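Trainee: Dropping the sequence and predicted coords here.
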Amino acid sequence: MKSLVLMLGFALISMVGFSQANAINGIWFNPEKDGKIDIYESGGKYYGKLVWIQNQFEDDGKTPRKDSKNKNSSLRSRPLLNIMILNDFKYENGKWVDGTVYDPKSGKTYTSNMTLKGDKLEVRGYVGTPMFGRTAIFTRQ
């Protein structure tokens, strides 16, 4: 009987940890609210894909906007819609760490950590150390 109670207790604890880790799953607005990112878990890591942008087309109104500022010239012709913005985050101690965030407005990729605070997701991008970075606040759709 004691072993059954212990097993149920461990199962409950692991489910709580799992649900906390997945608390960021869903659709989020970027700080300017001109883009939506779908955050999801895959293989124990967390990712975010750009699923909506306010200005989807170039000035001609027909051609999808491209990733024109990407530092990698071979990626500049890809459409912005559906590119990966957040990559390879691990959930540790109530935070999502050791990932990267891609900023299509500058074409730069930064090391990143994320922290959930209520309905706000703080996405900290940095080079070298988090002390020298910038935090963007994403809000739930």
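Mentor: All right, it came through fine.
Trainee: For this structure, which segments count as strands?
Mentor: 26-29, 35-42, 45-53, 84-92, 95-103, 108-117, 120-126, 133-140 (DSSP state E).
Trainee: which residues does the residue nearest to residue 132 when sequence neighbours are not counted contact?
Mentor: With sequence-adjacent residues excluded and distances taken as Cβ to Cβ, 6 or more residues apart in numbering, residue 132 is closest to residue 126, at 5.8 Å. Every C-beta, even on glycine, is put in place using the N, C-alpha and C of the backbone. Listed by Cβ atoms under 8 Å, 6 or more residues apart in numbering, the contact set of residue 126 reads 110-112, 132-134.
Trainee: are any of the residues you listed buried, and which?
Mentor: 110-112, 133 (16 or more other Cβ atoms under 10 Å).
Trainee: rewinding a little: got the contacts of residue 126 as JSON lines, with pLDDT and distance to residue 59 columns?
Mentor: Shown next, in JSON lines, are the contacts of residue 126 (pLDDT from 0 to 100; distance: Cβ to Cβ, whole Å):
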{"residue": "110", "pLDDT": "97", "distance to residue 59": "29"}
{"residue": "111", "pLDDT": "97", "distance to residue 59": "34"}
{"residue": "112", "pLDDT": "98", "distance to residue 59": "31"}
{"residue": "132", "pLDDT": "88", "distance to residue 59": "36"}
{"residue": "133", "pLDDT": "94", "distance to residue 59": "33"}
{"residue": "134", "pLDDT": "95", "distance to residue 59": "29"}
